[in-house]
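Engineer: Need coordinates for the following:
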Amino acid sequence: MSFANLKNNRTDITQLAAAAQAMGGGAKQGNNKYEDLRFWKPTVDESGNGYAVVRFLPAAEGQELPWVRYFDHFFKGPTGQWYVEKSLTTLGNNDPVSEYNSRLWNSGIEEDKEIARKQKRRLHYVANIMVMNDPANPANEGKVFMYDFGKKIFDKIMDKMQPEFPGEEPINPFDFWTGADFQLKIRNVAGYRNYDKSEFKAAAPLLEADETRLEATYNQLHDMSEFTAPSSYKAYDELKGRLEVVLGQSTGAGATIKNDSLTETAEVVSAREQEPQVIASAPEPNITAAADEDDTLSYFAKLAAED
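Structural biologist: Residues are numbered from 1 along each chain as shown. Down below sits the predicted model:
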């Protein structure tokens, strides 16, 4: 859709909310030094607190929704090597880590459950934003970036699109004309980033509804299809081979040992981990975008039910 058609063909807020609900959103329930400059991330001070204001932007031309959702895994194995891969569950397919975690969880052994928790998939949402106020980095203001965020912030978006209380008008936060700026208020609570105080301002047009500036912004929107395109995901067997390397169950990079290690019982895996191979510990990857995790209990309860 061109900018000229955007104003008259804006996505209905009920369609956005329905799409989010279909995804489950809003329900109550190696050594990589590369930094993707297309992404913006908030800056926090030494205490772990931070503040910024952003504006969520509409879907880019050719994209159905103004956000994408995907899952990944990010953990260090007993070998000291890292597993940092997107999960095939994003595409509705089986994933070797999810299958392995399911077996660990279903073993009924608390130690195995703890391993599964540490290896669980992480939930990401990605959207285009304009940075309205970035006190720590003023040079970012007025620029368009992608923003990687988790369920806590997405729930606040859902609350705006589907308010719970009488007298609250639904707002499409992604709309140029009737959306609202989002105040990102970050606090350090028990060692974790907390976004509970974050909130939307009153609805108001972006850039004072200046059509020329809005069109320029629209033309800067990033294509986010790469995060859910099947071609951007590794094959099951390749991921399984990498997992075995990270767990110390492989004879070499990407090679699979003769017995199917990922179908072994949790007890066998635990026994092997007590005598890990001596492998140099890999440095922790530099991941630029943070993500909230799935709710642990509900996620693994689902896995157990499907087993």
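
Engineer: State the distance from D72 to E199.
Structural biologist: 28 Å (C-beta to C-beta, to the nearest Å). From N, CA and C alone the C-beta is placed, and that goes for glycine too.

Engineer: who has more neighbours, these two?
Structural biologist: D72 (19 against 15; other C-beta atoms under 10 Å).

Engineer: worst-scoring helix or strand of this protein, pLDDT-wise?
Structural biologist: helix 266-273 (a mean of 33; mean pLDDT, DSSP states H and E).

Engineer: my guess is V97 contacts D72, does it?
Structural biologist: No. Applying C-beta atoms under 8 Å, one finds V97 not in contact with D72, separated by 9.6 Å.

Engineer: Pull up the overlap in contacts between those two.
Structural biologist: By C-beta atoms under 8 Å, 6 or more residues apart in numbering, V97 and D72 have these common neighbours: E85, S87, R121.

Engineer: How many neighbouring residues does the second one have?
Structural biologist: When neighbours are counted by other C-beta under 10 Å, S87 registers 21.

Engineer: which residues make contact with stretch 49-56 from outside it?
Structural biologist: 40, 42-44, 66, 127-136, 147, 157, 173-174, 179-188, 201, 206.

Engineer: hmm, try it at 7 Å
Structural biologist: Applying C-beta atoms under 7 Å, 6 or more residues apart in numbering, the contact partners of stretch 49-56 are 42-44, 66, 127, 129-135, 147, 173-174, 179, 181-188, 206.

Engineer: Show me what the mean pLDDT comes to for it.
Structural biologist: Averaged over stretch 49-56, pLDDT sits at 98.

Engineer: Restrict it to CA atoms and write it as CSV.
Structural biologist: Provided in CSV are the C-alpha atoms of stretch 49-56 (Å, rounded to 0.1, in the frame of the first residue of the first chain):
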residue,chain,number,x,y,z
ASN,A,49,16.6,2.7,35.2
GLY,A,50,15.8,4.4,31.9
TYR,A,51,13.3,6.6,30.1
ALA,A,52,12.4,7.3,26.5
VAL,A,53,9.4,8.1,24.3
VAL,A,54,8.7,6.2,21.1
ARG,A,55,5.9,6.1,18.6
PHE,A,56,4.8,2.8,17.1
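
Engineer: Distance from the chain centre to that stretch, please.
Structural biologist: 18 Å (C-alpha atoms, centre = their mean, to the nearest Å).

Engineer: and F56, what are its bridge partners?
Structural biologist: Beta-bridge pairing for F56 (DSSP bridges): I129.

Engineer: I'd like the distance between it and Q162.
Structural biologist: 16 Å.

Engineer: Looking at these two, which is more packed in?
Structural biologist: Neighbours per residue, other C-beta under 10 Å: of F56 and Q162, the larger number sits with F56, 25 against 17.

Engineer: ok, that one to I171 distance?
Structural biologist: 11 Å.

Engineer: Next, give phi and psi for the residue positioned nearest the centre of the chain.
Structural biologist: Among the residues of the chain, H124 comes closest to the average C-alpha position under C-alpha atoms, centre = their mean, at 1.0 Å. The phi/psi pair for H124 (degrees, to the nearest 10) reads phi -120, psi 140.
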